[in-house]
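Chemist: build me a model from this:
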Amino acid sequence: QSRMVLSLLALALATPPFAQETPKPFQADTLRLDLEYLSCDAFQGRKSGEFGGKAAGRWLQTRFQSLGLQPVGDSWLHPFAASPLSISSLTSLSIDENTFSPGKDFLPHPSSPEGSAEGELVFAGYALQNDLPTWDDFADISLDGKVALILRWEPQAEQPESPFLGKQLLPASRLVAKVRACEQRGAVGVLVADAPGPSAGTSAAGAPFWPAHSEIFQRVLPGLGKMMPPEELAATNFSAADVANQLFGMMQGTGPLGSSIPVAYISPRMARALFKKSNHDLTAWVEQTNQTLQPSSFSLPVSIQLQVDFNPPSREGRNLVAVLPGTIGETKHEVVLITAHYDHVGMGKTGDVWNGADDNGSGATALLALAKYFAHYPQPRTLVFCAFDGEELGLLGANRFLGQGLVSAVNIHAMLNIDMIGR
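Modeler: So this is what the prediction gives:
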């Protein structure tokens with residue numbers, strides 16, 4: 001299995017090293033020792049946020065440190081909320097003298113960083129810049145120190161004959177790209193609204209992410225315990241509440257923005273009201289740009305204060321991220337991610353340990369072996385080794401890793417994830 005992982009990884013590397021003999025990290029005895037230790041009872045099933053999970057993360061950290069790898073920033077371990085986020089009472093949106101609490105007209109994006117943004121409001125259209133066909137929402141405006149108001153999707157998004165990609169969205173039309181474009185141009189915050197049309201909702205688009213505002217949570221999940229047989233839950237060491245948290249953790253992790261500025265959704269009603277303050281009509285603007293395919297961005301005579309704050313999570317996970325810098329100047333900014341989750345599901349009600357040797361002690365052991373191998377054979381590209389936490393809770397560690405922007409997504413050229421290779 002270890003040789004299979006190594007051969008797959010070599011495809012992503014420019015010049016794989018050649019060794020005269022099998023490196024010690026890939027010998028069966030070496031792998032077995034690490035696997036047996038990581039999956040022993042002392043780590044109590046390595047559940048995220050609990051003693052065993054934290055201890056396993058610290059042990060992996062010492063191993064990476066001993067290999068001479070480097071942390072990202074000043075920390076090896078990067079904490080994140082390993083339970084569904086909830087919006088605190090400090091979160092608010094002020095438009096001139098009017099202040100709005102989270103609800104139908106305003107909700108933060110779940111991967112928005114906490115913090116505040118204050119400034120004049122600038123409408124940046126679809127926050128889109130494209131060559132063919134030519135389109136530039138940023139040409140006639142400055143976002144430096146401003147809060148950007150942007151629309152989801154792109155011009156003619158509902159039309160199959162659109163000169164962009166028909167009904168298929170351009171990569172630059174995805175929200176993560178739009179927020180990044182605004183941030184690169186100096187925006188201090190971003191408000192996002194649905195463009196009027198068949199796909200537009202009536203409320204702020206972020207409602208499904210938040211249990212307190214989600215019809216899915218309120219209507220479906222209370223019956224989850226009845227829908228899942230007890231024996232099915234028992235086979236996972238999860239309760240119905242755990243499954244609900246897993247579902248919403250995954251939903252909140254969808255489409256991580258990796259932004260350092262606050263981002264929030266507003267309702268079409270609020271967007272129309274903001275347009276009227278400058279004698280513009282939002283529906284008319286969309287219809288005109290769809291017809292002419294000419295962007296038209298402008299400043300709005302509005303002062304914005306956006307505050308995003310979340311309640312402390314009930315559970316905290318910690319990703320371990322270690323870096324082996326590349327050796328060649330032209331390619332060292334290019335990143336190959338090598339990842340495996342190290343968490344498992346903890347202990348049962350009777351105190352029995354769910355050791356997780358295969359899931360995913362095997363992957364974490366392979367991650368260590370690869371790190372030890374490449375520490376002796378550095379590569380032209382930078383290698384980033386990530387031991388993810390929170391995978392069993394809904395792939396949370398991987399999502400939070402992207403959302404925290406620890407490694408620029410545009411620099412990631414390949415990723416190898418190692419999971420359950422023990423049999």
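Chemist: and the strands in the stretch 201-350 of the chain?
Modeler: Under the criterion DSSP state E, counting those that start in this stretch, strands of the stretch 201-350 of the chain are mapped to 263-266, 298-308, 316-324, 335-341.
Chemist: any chance of JSON lines for those strands, columns mean neighbour count?
Modeler: Heads up, the C-betas are built off the backbone N, CA and C, glycines and all. Output for the strands of the stretch 201-350 of the chain, formatted as JSON lines (neighbours: other Cβ atoms under 10 Å):
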{"stretch": "strand 263-266", "mean neighbour count": "26"}
{"stretch": "strand 298-308", "mean neighbour count": "18"}
{"stretch": "strand 316-324", "mean neighbour count": "24"}
{"stretch": "strand 335-341", "mean neighbour count": "24"}
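Chemist: could I get those as JSON lines with mean pLDDT and distance to residue 377?
Modeler: Formatted as JSON lines, those follow (pLDDT from 0 to 100; distance: least, Cβ to Cβ, whole Å):
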{"stretch": "strand 263-266", "mean pLDDT": "98", "distance to residue 377": "41"}
{"stretch": "strand 298-308", "mean pLDDT": "97", "distance to residue 377": "44"}
{"stretch": "strand 316-324", "mean pLDDT": "97", "distance to residue 377": "10"}
{"stretch": "strand 335-341", "mean pLDDT": "98", "distance to residue 377": "13"}
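Chemist: just put those in TSV and tack on distance to residue 43.
Modeler: Formatted as TSV, the strands of the stretch 201-350 of the chain follow (distance: least, Cβ to Cβ, whole Å):
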stretch	distance to residue 43
strand 263-266	37
strand 298-308	35
strand 316-324	14
strand 335-341	14
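Chemist: of those strands, which is nearest residue 84?
Modeler: Go through the strands of the stretch 201-350 of the chain one by one with Cβ to Cβ and the one that ends up closest to residue 84 is strand 316-324, at 12.7 Å.
Chemist: which residues touch the closest residue in space to residue 68 that isn't next to it in sequence?
Modeler: Leaving aside its chain neighbours, residue 68 sits nearest to residue 375 (5.9 Å; criterion: Cβ to Cβ, 6 or more residues apart in numbering). Residue 375 is in contact with 67, 68, 69, 324, counting by Cβ atoms under 8 Å, 6 or more residues apart in numbering.
Chemist: next one: residue 319
Modeler: So residue 319 contacts 77, 78, 80, 386, 387, 388, 389, 397, 400, 401 (Cβ under 8 Å, 6+ apart).
Chemist: same check, this time on residue 99
Modeler: Residue 99 makes contact with 92, 93 under the criterion Cβ under 8 Å, 6+ apart.
Chemist: give me the phi and psi angles of it.
Modeler: phi -120, psi 130 (degrees, to the nearest 10).
Chemist: list the pairing partners of the host helix or strand of residue 79 within its sheet, with orientation.
Modeler: Assigned by DSSP states H and E, residue 79 falls within strand 77-81. Using DSSP bridges, strand 77-81 pairs in its sheet with strand 316-324 (antiparallel).
Chemist: for stretch 177-187, C-alpha coordinates in PDB please.
Modeler: Output of stretch 177-187 as PDB, limited to C-alpha atoms (Å, rounded to 0.1, in the frame of the first residue of the first chain):
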ATOM      1  CA  ALA A 177     -13.700  34.000  -7.000                       C
ATOM      2  CA  LYS A 178     -15.900  37.100  -6.700                       C
ATOM      3  CA  VAL A 179     -15.000  37.700  -3.100                       C
ATOM      4  CA  ARG A 180     -11.300  37.100  -3.900                       C
ATOM      5  CA  ALA A 181     -11.500  39.700  -6.700                       C
ATOM      6  CA  CYS A 182     -13.100  42.300  -4.400                       C
ATOM      7  CA  GLU A 183     -10.600  41.700  -1.700                       C
ATOM      8  CA  GLN A 184      -7.700  42.000  -4.100                       C
ATOM      9  CA  ARG A 185      -9.000  45.400  -5.100                       C
ATOM     10  CA  GLY A 186      -9.100  46.700  -1.500                       C
ATOM     11  CA  ALA A 187     -12.700  46.000  -0.400                       C
END
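Chemist: please state the offset of it from the chain centre?
Modeler: The gap between where stretch 177-187 is centred and where its chain is centred comes out at 17 Å by Cα atoms, centre = their mean, to the nearest Å.
Chemist: the helices in the stretch 301-423 of the chain, which residues?
Modeler: Per DSSP state H, counting those that start in this stretch, the stretch 301-423 of the chain carries helices over the ranges 363-376, 396-404.
Chemist: how about the longest one: buried residues?
Modeler: When neighbours are counted by 16 or more other Cβ atoms under 10 Å, the buried residues of helix 363-376 are found to be 363-375.
Chemist: pLDDT on it, on average?
Modeler: On average, the pLDDT along helix 363-376 is 96.
Chemist: what angle do that helix and strand 335-341 make?
Modeler: Orientation of helix 363-376 against strand 335-341 (axes from the mean of the first three to the mean of the last three Cα atoms, to 10 degrees) gives an angle of 150 degrees.
Chemist: quick revisit: of the strands of the stretch 201-350 of the chain, which approaches residue 115 most closely?
Modeler: Smallest distance to residue 115 across the strands of the stretch 201-350 of the chain (Cβ to Cβ): 6.3 Å, for strand 298-308.
Chemist: dump that closest one to PDB, restricted to CA.
Modeler: Extracted C-alpha coordinates of strand 298-308, given in PDB (Å, rounded to 0.1, in the frame of the first residue of the first chain):
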ATOM      1  CA  PHE A 298     -21.500  52.700  -9.500                       C
ATOM      2  CA  SER A 299     -21.200  54.100  -6.000                       C
ATOM      3  CA  LEU A 300     -24.200  54.100  -3.700                       C
ATOM      4  CA  PRO A 301     -24.800  57.000  -1.300                       C
ATOM      5  CA  VAL A 302     -24.900  54.700   1.700                       C
ATOM      6  CA  SER A 303     -22.700  54.100   4.700                       C
ATOM      7  CA  ILE A 304     -22.300  50.400   5.800                       C
ATOM      8  CA  GLN A 305     -21.200  48.800   9.100                       C
ATOM      9  CA  LEU A 306     -21.000  45.000   9.000                       C
ATOM     10  CA  GLN A 307     -20.200  43.000  12.100                       C
ATOM     11  CA  VAL A 308     -19.800  39.200  11.900                       C
END
